[in-house]
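Student: This is a predicted model, with the sequence first.
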Amino acid sequence: MSGTEVEQAELAHSLLEKHWGLSASMRRLPGENHNYLAEMASGDSVVLKILTETHADPELEEAIISGLADAGLPVPRILPTTSGQNNIPAGELQGVARVQEYLPGTPWKSLESTPSRLRAIGAFMARMHAGLEGRDFAAAARTHDWDLARAHMHRDKAEFLNDPDQRRAIEYCFHLFSALALPHLADCPSGLLHGDINDENLLLDGDQIVGLLDFGDCLNGAFVQDLGLALAYALEQEDVTLETAASLVEGYDECRPLELKEQELLLPLALARLATYVTINAQRMAADPTSGMRNLHLDTAWEAINMCLAVAPAQARGILCNGCRVHASPPADPGNVASARNRHLAPSLSLSYEEPLHIISGRAQYLHAADGRPYVDLVNNVCHVGHCHPRVVDAIATQAAKLNTNTRYLHEHVSEYATRLCETMPSGLDTCFFVNSGSEANELALRLARSATGSMDVLVLDGAYHGHTANCIAMSPYKFNGPGGSGPADWVHVLPMPDAYRGPYRGEDAGDAYAIEVADQIGKACASERAIAGFFAEPILSCGGQVPLPGGYLSKAFEHVRNAGGLCIADEVQVGFGRLGDAFWGFELHDVVPDIVVLGKPIGNGHPMGAVITTRAVADAFDNGMEFFSTFGGNPVSCACGLAVLDVIRDEALQERARTLGGRFLDGLGELKERHRIVGDVRGQGLFLGIELVKDPETLEPAAHEATRLVNHMQQQGVLLSTDGPLHNVIKIKPPMVIEEGDIDMTLRLLDDALGQL
Ligand code: PMP
């Protein structure tokens, strides 16, 4: 809209005169909307509204106004033009012009928000929702920039804020929204919403609501969105605390009891609204410093945000919903949980993070702590298809309720599962064993290799971890060369880690050079009359520090091993099941076919399972008369679970998702490397990535302390990462494969800030 305020007021007045036959003095009303109070000589007033929003829908507004008037709610009547039209084109003012009855009353913002007033506003909102119930306005099935259900689309605007503390606070608000509100909005009671119950759109006389204005943002959604929005405005009012704001919620609840899931959403919705306001304003100001919003209430928005973030979400919900009729049960005392653990669990177990987390539930890519804080989980590659995926949970529960036995009976699940797993493998790998963990699977792989070759020894990569059983520890340099370890057993030969970033061989030919080391090591073993049964390798080293194998390495290493009579064993426990994006199995990236493949972690999405897949010849060699039996391995419940995991990976196209989202993540990490000297290397594939931190890019001196600090800092911001690698300076990223773009982008922005501060 062009012209000065005075010119615009004149244009507004000429519209009023020409089409409504009214002469009045025009005063622009405060707020984002383009409204004029037209005061006539008679003392009567009307409001001229210019509907300028791109999503303005005058007919929808009219229908809603008449619906609410029928329900007895105080809404302004529309006054038609002298020719009987409700709306006319606004000419030079652009948009649509309409005249409405002027409702007397004092805007909420000019009144003290006492508990009784807030209670009245809450009750009024519940009446408004009830008044519109059952009315179907097809045009209300829409969205717009201020649609609270889509607040997360503003989260990347956090970068327009200059203050890092403010950026972090806003990221956290949107994170709360994405983790706590977004997944549940569709399950909440829903209907037609006002969409903008703010402190200018409610008029009061004392504690009575005498006017409800501005239906320009009406849309369908969860009722709790309106309440969350009003809560945001309540929290901005002077002297309103969470305790006082509880009156608004209580008033609503008196007329329509809030379900527990709605109660959980209130704080994230209110914060999302405040964050939306702050970020949209920051974006406008960045584009043009004179273009901030009319009626700036930034200071009060920040005060409200800071007040809410000062307490944990569960506590805030407890305060806000204290007066609700349905109550959540209080969480277990984390102090008791920790002391019982310390008393009765073995001391060699560890807890992650400086401030250990008490996690009580999980969903998709999120873990939820007892204090209500949600975390984006970027480390648990076990919950491959997302924490508590409903199809997996259902498969387990349904089968557990029906039958759970063992592989000594015929059962369709175990037959089907073995078939389905073998279908994912190259031909020849057609025989399965089922066990209960990755360690058990590697242990069995060792036995298979030994019985098939008649040899005893194994080759392993430096830094590798293959499991916690006695033999697996003996095959894990990560453990036997670490604290409490006692070095390699005589049957274990350690190959240099084929690390093209930090190891002795780098650059193009690193794969060949490291493969020659394999031949050398085999030569040394043979010289001391030791024969190789097998070579255990992960297609990307995990505990070794997210180290990809250099090109050509694995195929040449396999050749050397096979020439020496050994078998090749791919440990796919960490990287399998599509995580690497370009292939379902990691070994496929290297154009090799192993003799034995070891599966674990993601295979059951958290249900304890492991499997070994090999050739019929290797399985036959193992079949020497001694029965193989694992009590739980391959039971009907585990197989039902494993089948559901395979189904979800296929149906949700998770391998492709790992490829595209992993690419986005790695590109973003690459940009961080350009900007931050401490980032020595970023690497990996699909959703299996690593960031190696170094103090000096020339000497590669590891920045282990900084890596730990970064991980703990990110935890505080709601992002779970962890460190690994022999030098403890690699941050590993291996999230559930259902992670979303918004989580990745937020993580990159937070990392950018945090790396800048290191
Ligand atoms: N192999 C690899 C590569 C692993 O990372 C692990 C576990 N971290 C194992 C085997 C052992 O699996 P589990 O803990 O299920 O016994």
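Tutor: The structure has been received and is ready for your questions.

Student: Could you chop this structure up by domain?
Tutor: If you go by automatic domain parsing, the domain ranges for the chain are 3-101, 110-320, 359-385+654-757, 395-651.

Student: do you know which of those domains lies nearest the ligand?
Tutor: The ligand lies closest, by C-beta to the nearest ligand atom, to one member of the domains of the chain: domain 395-651, at 2.3 Å. For glycine as for every other residue, the C-beta is placed from the backbone atoms N, C-alpha and C.

Student: Near the residue nearest to V645 when sequence neighbours are not counted, how many other residues are there?
Tutor: Once flanking residues are discounted, V645 sits nearest to N605: 5.1 Å by C-beta to C-beta, 6 or more residues apart in numbering. By the criterion of other C-beta atoms under 10 Å, N605 has 28 neighbours.

Student: Touching, N605 and R391? I think so.
Tutor: No. If you go by C-beta atoms under 8 Å, N605 and R391 don't touch, sitting 9.6 Å apart.

Student: Would you mind grabbing the residues shared as contacts by the two?
Tutor: A644 (C-beta atoms under 8 Å, 6 or more residues apart in numbering).

Student: any idea which element the residue nearest to H713 when sequence neighbours are not counted lies in?
Tutor: Nearest residue to H713, sequence neighbours excluded (C-beta to C-beta, 6+ apart): A754, at 5.2 Å. According to DSSP states H and E, A754 maps onto helix 741-757.

Student: Show me what from the stretch 401-550 of the chain comes close to the ligand.
Tutor: Residues of the stretch 401-550 of the chain lying close to the ligand by C-beta under 6 Å from any ligand atom are S437, G438, S439, N442, Y465, H466, G467, H468, E538, S542, C543.

Student: Swap in 5 Å and give it another go.
Tutor: Contacts of the stretch 401-550 of the chain with the ligand, taken as C-beta under 5 Å from any ligand atom, map to S437, G438, S439, H466, G467.

Student: So which elements touch the biggest helix by length in the chain?
Tutor: In terms of residue count, the longest helix belonging to the chain (DSSP state H) is helix 260-287. Packing partners of helix 260-287 (3 or more C-beta pairs under 8 Å, 6 or more residues apart in numbering; DSSP states H and E): helix 164-176, helix 223-236, helix 298-309, helix 313-320.

Student: Mind pulling up the pLDDT for R294?
Tutor: Looking at R294, its pLDDT reads 50.

Student: that older thread, report the angle between the axes of the longest helix of the chain and helix 313-320?
Tutor: Angle, helix 260-287 to helix 313-320, by axes from the mean of the first three to the mean of the last three C-alpha atoms, to 10 degrees: 110 degrees.

Student: Distance from helix 260-287 to the middle of the chain?
Tutor: Here helix 260-287 is found 17 Å from its chain centre; the criterion is C-alpha atoms, centre = their mean, to the nearest Å.

Student: Specify the angle between that helix and helix 223-236 in degrees.
Tutor: If you take the same axes, to 10 degrees, helix 260-287 sits at 60 degrees to helix 223-236.

Student: Helix 260-287 versus helix 298-309: what angle between them?
Tutor: 140 degrees.

Student: Tell me where the stretch 51-200 of the chain has helices.
Tutor: Using DSSP state H, counting those that start in this stretch, the helices of the stretch 51-200 of the chain run over 58-70, 115-132, 164-176.

Student: Using JSON lines, lay out those helices together with mean pLDDT and distance to E354.
Tutor: What follows is these, written out as JSON lines (pLDDT from 0 to 100; distance: least, C-beta to C-beta, whole Å):
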{"stretch": "helix 58-70", "mean pLDDT": "88", "distance to E354": "52"}
{"stretch": "helix 115-132", "mean pLDDT": "95", "distance to E354": "39"}
{"stretch": "helix 164-176", "mean pLDDT": "97", "distance to E354": "18"}
